[in-house]
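Q: attaching a predicted model along with its sequence, questions to come.
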Amino acid sequence: MTKFRTTLLTGAITLAIGLAAATPAQAASSYYNDFGGKPGITALINQFVGNVAADKRINFYFAHTNIPALKAALVEQVCNLEGGPCTFDMSMRAIHKNMGVTQNAFNALAEDMIHAMDEQQIPTAAQNNLLAKLAAMEPEIVTK
């Protein structure tokens with residue numbers, strides 16, 4: 001992982017707060033296309049979930065998960081975050097309430113997403129935009 005992206009993971013919440021001042025479509029309309037639209041986001045999520053499944057640091061969190069439903073929800077979420085024509089209104093706090101997600105697990109998940117974005121050749125600016133938005137969700141996901 002590059003030094004920039006490592007720093008981004010630890011400092012992106014500040015950046016994400018700035019991005020959150022704009023609506024998702026205003027903040028990211030150009031990035032939706034950089035992800036390849038919904039087909040590209042679907043390919044990214046398939047790669048990402050495969051990375052997570054192979055990651056012994058965190059795959060146990062998903063042992064009893066409905067994987068097709070997870071993939072569908074993640075596609076909608078990323079599509080929405082990047083200004084696409086998708087809606088996503090699930091509460092991250094409610095979804096992760098009883099999972100006991102640690103900071104290390106959250107960071108491992110972010111690393112798996114970075115690897116998936118690299119493998120899908122997502123431009124760096126679009127990657128950093130999504131990572132900032134995901135980092136802003138950390139307080140709702142990390143519960144332990």
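A: Structure's in. What do you need? Residues are numbered from 1 along each chain as shown.
Q: relative to its centre, which residue of the chain is most distant?
A: residue 64 (20.2 Å; C-alpha atoms, centre = their mean).
Q: below-threshold pLDDT in this protein: ranges please.
A: Residues of the chain meeting the criterion pLDDT under 70: 1-29.
Q: how about a cut-off of 80?
A: In the predicted model, the chain carries pLDDT under 80 at residues 1-30, 91-95, 98.
Q: can you map out the helices along it?
A: Listed in chain order, the helices of the chain (DSSP state H) span residues 3-20, 24-34, 37-54, 67-81, 92-96, 103-119, 124-135, 138-141.
Q: can you say which of the ones you listed is nearest to residue 60?
A: Proximity to residue 60 (C-beta to C-beta) singles out helix 103-119 among these, at 9.5 Å. To be clear about C-beta, it is placed using only N, CA and C from the backbone, and glycine gets the same treatment.
Q: and the helices of the chain as TSV, adding mean neighbour count and distance to residue 60?
A: Formatted as TSV, these follow (neighbours: other C-beta atoms under 10 Å; distance: least, C-beta to C-beta, whole Å):
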stretch	mean neighbour count	distance to residue 60
helix 3-20	14	22
helix 24-34	17	32
helix 37-54	17	11
helix 67-81	17	14
helix 92-96	13	15
helix 103-119	18	10
helix 124-135	20	21
helix 138-141	16	16
